[in-house]
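**Student:** build me a model:
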Amino acid sequence: MSTKTLPVTEARKNLTDLVGKASSQLDEYVITVKGKPKAVLISAVEFEGWKETNEILSNPKLVKAIHEGEEDIKAGRIVTLEGLKKEFHV
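**Tutor:** Numbering: from 1, shown residues only. Take a look at the predicted model:
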């Protein structure tokens, strides 16, 4: 995966190739107009990941639960898979 910057004129000429590389190699492209970044081309998979991450981060309850889980791990408050199996008789 790499991030490349290119002008919109070059992106237009090579759009099919850029889409293929974004999709198969997870390359990212910053597209500029008059030298200024105006858009980004990424794979659909990467875009869905960004949307999901933004959705999670916009929910304070989920963010709090994630932080609490991280603190539990740091403090050693964990249950192993074997422990869960024993607890639920699986």
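
**Student:** quick one: contacts for residue 1?
**Tutor:** 25, 26, 27, 28 (CB atoms under 8 Å, 6 or more residues apart in numbering). C-beta: built from backbone N, CA, C; applies to glycine.

**Student:** show me the contacts for the first one.
**Tutor:** Okay, so that is residue 25. residue 1.

**Student:** follow-up on the earlier one: filter the contacts of residue 1 down to the buried ones and hand me the PyMOL line.
**Tutor:** Here is the PyMOL command that selects only those of the contacts of residue 1 that count as buried (16 or more other CB atoms under 10 Å):
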select buried, resi 27+28
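
**Student:** let me have the contacts of residue 1 in CSV, extended by secondary structure and distance to residue 49.
**Tutor:** Formatted as CSV, the contacts of residue 1 follow (DSSP: H, G, I helix; E, B strand; the rest coil; distance: CB to CB, whole Å):
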residue, secondary structure, distance to residue 49
25, coil, 16
26, coil, 10
27, coil, 15
28, strand, 12
